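Chemist: Dropping the sequence and predicted coords here.
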Amino acid sequence: MPIVPQINIVGCGPGSPDYLTQEAISVVKESSIIVGYDRLMELFPWYEGVRLSLGPDLQAGLRKIESLRSAGPVTVLVSGDPGFFSLAKLVLRQFGRENCRIVPGISSVHVAFSRICLDWADAKIISAHVSDPDQAIDQSVAKESKIAVLLGRSDSMKWVISFLKRFPAKRRIFVCEDLTLCDERVREVEQTQLQDLRVSSRTVVLLICQGLLE
């Protein structure tokens, strides 16, 4: 029985090609096929192999990957780090860990904390990208001193506002948009300003207890 090449899952970082790792670049160079959203494939303009663009139907994309595996190494591109709210979980479930290789990347949360020069080893990270977090999660993070919230929907900021109202505390609020890209913007805002903010879908909001940055 012929050996089917493994599937590489490559973290592409927060968006800038400057934040691609050398390992990610090397794996893509060796791939027969790369699979991912268009904005991720654009990070590799020099790649001359087969490109498979993913659409909203991820199951259809997985079936296409299965049909192409025998042609050579397939690399699935994911944003940020594969282990951090990414497509990697779906790929691993479909093809099995024994058939996959993960190449880590830099997440937007890494970058957000670096921009305010604060360590994040004890930070609580919440995703409001697809839907609002469960209320049980709200309770568990209310007393955390460092919280990072991943936005992505028009209603994501509404959840942040609701959370701050339900669990009032003296926090500094940093809105980090389009990190590492040419239009990156990191700003500290007051809670009263959040209601009128219009932000990019690529936004991380940091909620930091007063005193940690002094």
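Modeler: Yep, it's here. Numbering: from 1, shown residues only.

Chemist: Report the contact partners of the nearest residue to Ile161 once chain neighbours are set aside.
Modeler: In space, and not counting its chain neighbours, Ile161 is closest to Leu194: 5.1 Å by CB to CB, 6 or more residues apart in numbering. C-beta here means a position set from N, CA and C on the backbone, and glycine is covered the same way. By CB atoms under 8 Å, 6 or more residues apart in numbering, the contact set of Leu194 is Met157, Val160, Ile161, Leu164, Ile173.

Chemist: same question, Ile25
Modeler: Phe44.

Chemist: can you pull the pLDDT of it?
Modeler: Note on Ile25: pLDDT of 97.

Chemist: before we move on, what about the one 10 residues further on?
Modeler: The pLDDT attached to Val35 in the predicted structure is 93.

Chemist: would you say it is within a strand?
Modeler: Yes - applying DSSP: H, G, I helix; E, B strand; the rest coil, one finds Val35 inside a strand.

Chemist: That one reaches Arg63, doesn't it?
Modeler: No - counting by CB atoms under 8 Å, Val35 stays clear of Arg63, with 11.7 Å between them.

Chemist: Compare neighbour counts for these two and give me the winner.
Modeler: Val35 (27 against 12; other CB atoms under 10 Å).

Chemist: I'd like the distance between the more buried one and Leu87.
Modeler: 9 Å (CB to CB, to the nearest Å).

Chemist: Check Ile33 too.
Modeler: For Ile33, the distance to Leu87 - CB to CB - is 16 Å.
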